[in-house]
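Enquirer: Provided below are the primary sequence and the corresponding predicted coordinates.
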Amino acid sequence: HWLHVRGRLHDTQGQFGKAMGDAVPALALAEALGNTADRVDVMSLMIGLNADLGHHARAARIADEAFALAERHGYRY
């Protein structure tokens, strides 16, 4: 959770590189722990970051993956 929260904080400060630097390991941890909710939440952060950085196709791919993952697991947040 700490990496995710710190990534969100960096995002709000416009420090997109630092935010992505926290989001990537946060996603890896969520995947390793099998935590679907945290994984989808971090992917949400990554969608916005990629969009802010102009990587719109990557943001769309992550969004599609996150939505499908959330739908498979009944995660509605």
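Expert: Here it is on my side, so go on.
Enquirer: contacts, neighbours, all on C-alpha from now
Expert: OK.
Enquirer: where do the helices of this protein begin and end?
Expert: 2-12, 16-33, 36-52, 56-73 (DSSP state H).
Enquirer: which of those is buried the deepest?
Expert: For the helices of the chain, average neighbour numbers computed from mean count of other Cα atoms under 10 Å are highest in helix 36-52, which has a mean of 20.
Enquirer: now for it, which elements pack on it?
Expert: Using 3 or more Cα pairs under 8 Å, 6 or more residues apart in numbering; DSSP states H and E, the elements in contact with helix 36-52 are helix 2-12, helix 16-33, helix 56-73.
Enquirer: can you rerun that using 6 Å?
Expert: Where contact means 3 or more Cα pairs under 6 Å, 6 or more residues apart in numbering; DSSP states H and E, helix 36-52 is packed against helix 16-33, helix 56-73.
Enquirer: tabulate those (TSV), appending distance to I47 and mean pLDDT.
Expert: Shown next, in TSV, are those (distance: least, Cα to Cα, whole Å; pLDDT from 0 to 100):
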stretch	distance to I47	mean pLDDT
helix 16-33	10	96
helix 56-73	5	96
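Enquirer: any chance of the ones you listed in a markdown table, plus distance to W2?
Expert: Putting the helices and strands packed on helix 36-52 into a markdown table (distance: least, Cα to Cα, whole Å) gives the following:
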| stretch | distance to W2 |
| --- | --- |
| helix 16-33 | 8 |
| helix 56-73 | 20 |
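Enquirer: which one of these lies closest to S44?
Expert: Closest to S44 of these is helix 56-73 (Cα to Cα; 7.2 Å).
Enquirer: ok, which of the helices and strands packed on helix 36-52 comes nearest N50?
Expert: Among these, helix 56-73 sits nearest to N50 (Cα to Cα), with 5.2 Å.
Enquirer: next one: the closest one to chain centre, how far?
Expert: 10 Å (Cα atoms, centre = their mean, to the nearest Å).
Enquirer: now that helix and helix 36-52, what's the angle there?
Expert: Computed with axes from the mean of the first three to the mean of the last three Cα atoms, to 10 degrees, the direction of helix 56-73 lies at 160 degrees from that of helix 36-52.
Enquirer: alright, that wraps it up for me.
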